[in-house]
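> Give me a model of this one.
(2 chains)
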Amino acid sequence: MASITLKDLVKAYGDTEVLHHIDGQIADGEFVVIVGPSGCGKSTLLRMIAGLETVTGGDIQIADQVVNDLEPADRDIAMVFQNYALYPHMTVRENMAYGLKIRRISKAEINRRVEEAADILEIRPYLERKPRQLSGGQRQRVAMGRAIVRDPQVFLFDEPLSNLDAKLRVQMRLEIRKLQQKLGVTSIYVTHDQVEAMTLGDRLMVLNGGYVEQFGTPIELYDRPQSMFVGGFIGSPAMNFLPADADGATITLANGTTLAGEVRAGAVTMGIRPEHLIRSEAGPVRLKVQMMEQLGANTLLHGVLEGTQTEMVASLPGHVTAELGAVLSFEAAAETLHFFAPDTQKRIE
Amino acid sequence: MLKRVHFPSSVLPFLLVAPQIIVTVVFFLWPAAQAIYQSFLIEDAFGLSTEFVWFENFELLFADAHYLDSFWRTLFFSAAVALLSMSVALILAGFADRIVRGATAYRTLLIWPYAVAPVLAGALWVFMFNPTLGIFPYFLDMLGVDWNHYLNGSQAMALVIFAAAWKQIAYNFLFYLAAMQSIPLSLIEAAAIDGAGPVRRFKDFVFPLISPTTFFLLVINAVYAFFDTFGIIHAITQGGPANSTTILVYKVFNDGFVGLDLGGSAAQSVILMFLVIIMTVVQFRYVERKVEY
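Coordinates of the predicted model:
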């Protein structure tokens, strides 16, 4: 068990800096998800913590020890890879036992720990099989088992569910969460899937272009996104962004309609989540419908803000039918409106 | 119902495969048939008459202590060449696999020896190890080794083994490097996180995972040592001293074209032919085994 501290962490390849001064505190036993679009540096960050990439600047501390120059083997971590990275020429048992064998743990103890982990993951019947004889989900479990038996201070997950089909992914997601809560091991999990991130993480670190956009609990990120990027990235469908003018008491949208809202005067970008738009005949937000998606539980109306080219989406509960080209009016509660500065894209309180 | 595409029959396909078939027949099948036929004949000492003797040539061969000696010598030579060239290639590939910068340059330079003709390779080694002119005997002399492969059979054998192995290292290196690079990096990383150091990773992962390549190269190297080393031996030792480097393929030449025992020489080449057939079958039968990652 250990806390992890990232201090002013920098990674550069030659002159190209890919991670810019990352700071973060991960408490003992916490489950932190690093989330961001592809190429944002999230895997690089994880691999630096694992010791598979060198640190260009700053410090990584695991359990108050700076590990920058320690080999992966000496950091007391276990990692689950995206492609599982099982050893193809070894049986499941040998795969799980390998790390223990290297550490010269007694045969009896190895067997005990492997079988205990196999019971937790329900892979006991497959212990004598080779990885190629297993299905994707079973391989995933073996990869987890290999991490568990080591009883490390930290678990690192590098998009471990992205090779599974949708149903299995949801199931494994819950299992990983349950397992982590049961074992209480500090975990860092990398994914590009915001739903996975929201459901798994105690806290989320949103990365974009090598910068930390926001680091907080899923609800904090949803309720108070600190930047337009986080607003658009967390939540599905994505937040609508409408350019607007504010005078301190009212907000004027691009098509001239106004609504009440207290924010500093000047040009702002108003963010409103599709699910926070409420039908209202006299509502100020007027959406011209261009496409509908019936999802059963709710209906997505895609279109533009009437009179402009600004695209927006509304999500309404249940079945809704609307003519294409029709204009529907919506209102939104003041506390569900988010305001961002158009230039810095940061939140305005 | 079986559905197949039918083309109207024409001579075109036959014309297209004809060159390959003609080459095979003229340069492989016909000489092989000639060798088999000749292995049943014995000529008299003056080459004026031949007699059809069925398997007498083979009987004579297997009763001949020189031939059996040459057989064991060939096995030793092949094993030594394969072992030496493969292990050096494996070590080089292991290091080259870790290199990122300038990898292409190393690979290009390492493949060059393969392009050197066997006779030239032999000539190079002859000059380097010439007892009176060569640079290596000079160094060896400082170490107290009296090098003269013209007199010392063991030294002659060592020299042809080095020369033959050196030429094959490039080929083995390429295959080993390709095999190592096809191992997913994450697997090696997983092993590193599990606590295995570089040597342990090589022993536990790299070597087992490239074992199909090792087997393939073993067959290829054995075939090479058996059949393609004639030029090297001819240039360096001519089979001497006292037959100490006369391997089977050299003995075929020596008995046939120097000793003019055409029947016996043909019988030897027929035996070699069957050996190469067996090796090829082994290779095709087992090399197809692939490792799945």
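> Every contact and neighbour count from this point should use C-alpha atoms.
Noted.
> Run the contact check for stretch A:187-202 versus chain B.
No: shown here: stretch A:187-202 not in contact with chain B (Cα under 8 Å from any Cα of the partner chain), separated by at least 15.4 Å.
> what comes up buried for that stretch?
Of all the residues in stretch A:187-202, those buried under the rule 16 or more other Cα atoms under 10 Å in any protein chain shown are A:187-194, A:196-198, A:200-202.
> With stretch B:140-155 instead?
Counting neighbours by 16+ other Cα under 10 Å, stretch B:140-155 gives B:147-149, B:153, B:155 as buried.
> Which members of those residues are the farthest-apart pair?
B:W147 and B:G153 (10.9 Å; Cα to Cα).
> Within range of chain A, give me the residues from chain B.
Counting by Cα under 8 Å from any Cα, chain B sits next to chain A at B:184, B:186-187, B:189-196, B:205, B:208-209, B:291-293.
> List only buried entries from those residues.
Looks like these have B:186-187, B:189-196, B:205, B:209, B:293 buried, using 16+ other Cα under 10 Å.
> does B:L90 sit in a helix, a strand or a coil?
Following DSSP: H, G, I helix; E, B strand; the rest coil, B:L90 is assigned to helix.
> any idea how far it lies from B:M273?
From B:L90 across to B:M273, the span is 30 Å (Cα to Cα, to the nearest Å).
> same thing with A:S236?
71 Å.
> Compare neighbour counts for these two and give me the winner.
The neighbour count for A:S236 versus B:M273, taken as other Cα atoms under 10 Å in any protein chain shown, is higher for B:M273 (16 against 13).
> got the buried residues for stretch A:116-126?
A:116-118, A:121, A:123-124, A:126.
> Just the ones of those residues in helices?
A:116-118, A:121 (DSSP state H).
> So among those residues, where is pLDDT lowest?
Across those, the smallest pLDDT goes to A:L121, namely 86.
> Report the spatially nearest residue to that residue, omitting neighbours in sequence.
A:R141 (6.3 Å; Cα to Cα, 6 or more residues apart in numbering or on different chains).
> The one you found belongs to a helix?
Yes: counting by three-state DSSP, A:R141 is part of a helix.
> Up against chain B, what does the stretch 101-250 of chain A have?
Residues of the stretch 101-250 of chain A lying near chain B (Cα under 8 Å from any Cα): A:102-103, A:132.
> Next up, identify which helix or strand B:S70 is on.
Assigned by DSSP states H and E, B:S70 falls within helix B:65-98.
> immediately after that helix, which helix or strand?
helix B:103-115.
> quick one: the residue nearest to B:S244 when sequence neighbours are not counted and B:L83, what's the gap?
Spatial nearest neighbour of B:S244, chain neighbours left out: B:G153 (5.2 Å); criterion: Cα to Cα, 6+ apart. According to Cα to Cα, B:G153 stands 20 Å off from B:L83.
> Could you pull up phi and psi at the spatially most central residue of chain B?
Centroid check for chain B by Cα atoms, centre = their mean gives B:Y224 as the closest residue, at 1.1 Å. Reported as degrees, to the nearest 10, the phi and psi values for B:Y224 are phi -60, psi -50.
> Roughly how far does it sit from B:W72?
For B:Y224, the distance to B:W72 (Cα to Cα) stands at 16 Å.
> And for residue 253, the neighbour number?
You didn't say which chain, so I picked chain A. 21.
> my bad, chain B
20.
> cool, the one 3 residues further on as well?
Look at B:G256: counted by other Cα under 10 Å, it has 17 neighbours.
> cool, and B:R98?
10.
> do you know how far it is from A:V33?
According to Cα to Cα, B:R98 stands 32 Å off from A:V33.
> can you check A:M312 too?
A:M312 is 29 Å from A:V33, by Cα to Cα.
> So which of these two has more stuff around it?
Neighbour count, other Cα under 10 Å: between A:M312 and A:V33, A:V33 has more, with 30 against 21.
> On the three-state scheme, the more buried one is what?
A:V33 falls in the strand class when you classify it by three-state DSSP.
> List the beta-bridge partners for it.
As for beta bridges, A:V33 partners with A:Y189, A:L204 under DSSP bridges.
> wait, what's in contact with it?
A:188-191, A:197, A:200-205 (Cα atoms under 8 Å, 6 or more residues apart in numbering or on different chains).
> Can you say which two of those are spatially most distant?
A:T191 and A:D202, at 14.3 Å, using Cα to Cα across those.
> Spatially nearest residue to B:A82 (excluding sequence neighbours)?
According to Cα to Cα, 6+ apart, the nearest residue to B:A82 is B:N221 (5.3 Å).
> Low-confidence regions, the stretch 1-150 of chain B specifically.
B:1-4, B:7, B:100 (pLDDT under 70).
> Residue of it nearest chain A, please.
Nearest residue of the stretch 1-150 of chain B to chain A: B:R101, at 13.2 Å (Cα to the nearest Cα).
> can you give me the helices in the stretch 201-349 of chain A?
Along the stretch 201-349 of chain A, counting by DSSP state H, counting those that start in this stretch, helices occupy A:218-223, A:228-233.
> other SSEs contacting the last one?
Read it as helix A:228-233. The contact analysis (3 or more Cα pairs under 8 Å, 6 or more residues apart in numbering or on different chains; DSSP states H and E) places helix A:228-233 against strand A:211-216, helix A:218-223.
> Kindly reformat these as TSV containing mean pLDDT.
Output for these, formatted as TSV (pLDDT from 0 to 100):
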stretch	mean pLDDT
strand A:211-216	93
helix A:218-223	93
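> could I get those as JSON lines with mean neighbour count?
As requested, these are exported to JSON lines (neighbours: other Cα atoms under 10 Å in any protein chain shown):
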{"stretch": "strand A:211-216", "mean neighbour count": "19"}
{"stretch": "helix A:218-223", "mean neighbour count": "18"}
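> out of those, which comes closest to B:Q283?
Nearest to B:Q283, of all the helices and strands packed on helix A:228-233, is strand A:211-216, at 54.8 Å by Cα to Cα.
> The closest one: partners in the sheet, and parallel or antiparallel?
Strand A:211-216 has these strand partners (DSSP bridges): strand A:203-208 (antiparallel).
> got the angle between the partner strand and strand A:31-35?
Relative orientation of strand A:203-208 versus strand A:31-35 (axes from the mean of the first three to the mean of the last three Cα atoms, to 10 degrees): 20 degrees.
> re the thing from before, just the buried residues of stretch B:140-155: which are in strands?
If you go by DSSP state E, the buried residues of stretch B:140-155 have nothing in strands.
> How far off centre is the strand or helix carrying A:D23?
Remark: A:D23 resides in strand A:16-26, with elements defined by DSSP H and E. Centroid separation between strand A:16-26 and its chain, computed with Cα atoms, centre = their mean, to the nearest Å, is 17 Å.
> Identify the residues contacting it?
Identification of contacts with strand A:16-26 by Cα under 8 Å, 6+ apart yields A:3-12, A:32, A:41, A:45, A:58, A:186, A:209-212, A:215.
> Filter the residues you listed down to just the buried residues.
A:3-7, A:9-11, A:32, A:41, A:45, A:186, A:209-212, A:215.
> Show me the domain layout of chain A.
Chain A breaks down by automatic domain parsing into domains covering A:4-230, A:237-340.
> mind checking the end-to-end distance for the longest one?
Right, the one you point to is domain A:4-230. Using Cα to Cα, the two ends of domain A:4-230 sit 24 Å apart.
> ok, residue 266 - how many residues close by?
No chain was given, so I picked chain A. Neighbours of A:G266 (other Cα under 10 Å): 12.
> wrong one, chain B
Neighbour number of B:A266 under other Cα under 10 Å is 26.
> same thing with B:L29?
14.
> distance of it from B:I22?
From B:L29 to B:I22 the distance is 10 Å (Cα to Cα).
> Find residues that contact each of the two.
Common contact partners of B:L29 and B:I22 (Cα under 8 Å, 6+ apart): none.
> Among the buried residues of stretch B:140-155, which are located in helices?
Short answer: these in helices (DSSP H) are B:153, B:155.
> what's the closest of the buried residues of stretch B:140-155 to B:G231?
Closest to B:G231, out of all of the buried residues of stretch B:140-155 and judged by Cα to Cα, is B:H149, at 17.3 Å.
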